[in-house]
Each structure stands twice: as C-alpha cells, then as structure tokens.
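*Asks:* my questions concern the predicted model and sequence given below.
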Amino acid sequence: MPDLPKYAHWVAERRFLVDAAKLPAMDAADARLLEDLYIDGGRLRLRRITFATGEVEFKLAKKYEADNPLIGPITNLYLDAREYAVLAVLEGARLAKRRHRIGGFTVDVFEGALKGLVTAECEAPNRMAAMRFDVPAWCVREVTNEVDYTGWQLAQTQTLPA
C-alpha cells in the first residue's frame, strides 16, 4: 500500500444496491439527514448531518484517489456552523439522503432526483475485515467497483445508474 497522507486514515468500504422491499423495518426517528456538497475542482466533500434530535454536525472530508475502489485514505475535519456557512456557498454538486443503521451496515435512502435509490455500505479499517461482513439478503448486488454508485458520481449526474 502507498504511504498514508498526513492526518488521513485508511477506510475499506463495500457498497451494495438494496431491495427496499426486503429491508427490515427502519425507525425514522433514528435516521440522519445527510446533505453533501461535492466541491468543484477537487476531492472535497462538505457534509451537513441533521440528527433526529435536531442536533446538527458539519464536516469537511477529503477522499484521496486510490488505485483500489475497496480501500483508500480519508481525512475528516469537523466544522462549526459559521465555518460550514463559509464553505457551503462554493460551487459543486449536491446530494441528499437519509441514513439508517442496520447491524454493521449503513443504509442510504436517497432523496430528490435520486429518489428510489437505496444503497448500503459497510466500513472496516482494512480489506480483510471488509470482506468478512455477512452480506444480508436485502443487499441484492455489490457495486463497490462501480464508479456510477460513488457519492461523487451520483451527485454529478443526479440520475439513477443504468
């Protein structure tokens, strides 16, 4: 593996398409609203997270380019509301989704133009741990290696992949 960029950590992610009809019941009160801005001209993602309690969290992430879609370095910086407001006016592509947690998976129910798309992710600190997840029956197809299902690409196209 290449050297880790300063202040970054490795994260291994697997992504799946979900058959929403097969999902167990999800409590809307436990969902978080994620509003992402993929800032033009780089690999930065500005995120606003609104919890069911009304609490809001802001963060700026950089996902470094990796030669393997399963694992790559990421850096997160937590912001206050004023810092978020300064960055939120930048040009970029936006995406909104409701995130639920089911076992070791996060389930994202997309909103807006991507309504109807439901994906699931599992994260681990390394490839081997990511491959050990038991994939539930409601995950119908792994799309980890499909660029069309990355947050950045979905935000750019605002269309459901074919």
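*Replies:* Thanks, I have it. These numbers were taken from a predicted model, which means no experiment stands behind them.

*Asks:* rest of the way, CA atoms for contacts and neighbours
*Replies:* Fine.

*Asks:* low-confidence ranges, this structure, go.
*Replies:* For the chain, the stretches with pLDDT under 70 are 1-2.

*Asks:* quick one: the helices in it?
*Replies:* In the chain, the segments counted as helices under DSSP state H are 81-88, 127-131, 151-157.

*Asks:* pull the number of nearby residues for Asp134.
*Replies:* Neighbourhood size, Asp134 [other Cα atoms under 10 Å]: 9.

*Asks:* any chance of the backbone angles for it?
*Replies:* Dihedral angles of Asp134 (phi, psi; degrees, to the nearest 10) stand at phi -80, psi 120.

*Asks:* could you check how far it is from Val11?
*Replies:* The spacing between Asp134 and Val11, counted by Cα to Cα, to the nearest Å, is 18 Å.

*Asks:* again, but for Thr150
*Replies:* In terms of Cα to Cα, Thr150 sits 15 Å off from Val11.

*Asks:* more neighbours: which of those two?
*Replies:* Under the criterion of other Cα under 10 Å, the comparison of Thr150 against Val11 puts Val11 first, with 17 against 14.

*Asks:* name the residues linked to Asn76 by a beta bridge.
*Replies:* On the basis of DSSP bridges, Asn76 takes part in beta bridges with Ala61.

*Asks:* which ones are touching it?
*Replies:* Neighbour list for Asn76: 8, 59-62 [criterion: Cα atoms under 8 Å, 6 or more residues apart in numbering].

*Asks:* go with 10 Å
*Replies:* Asn76 sits next to 7-9, 44-46, 59-63 when contact means Cα atoms under 10 Å, 6 or more residues apart in numbering.

*Asks:* could you do Leu114 as well?
*Replies:* Shown in contact with Leu114 (Cα under 10 Å, 6+ apart): 95-97, 154-155, 157-161.

*Asks:* what is the burial count for Glu142?
*Replies:* By the measure other Cα under 10 Å, the count of residues near Glu142 is 16.

*Asks:* residues contacting it?
*Replies:* By Cα under 10 Å, 6+ apart, the contact set of Glu142 is 14-18, 119-121, 135.

*Asks:* Arg82 too?
*Replies:* Residues counted as contacts of Arg82 (Cα under 10 Å, 6+ apart) are 58, 88.
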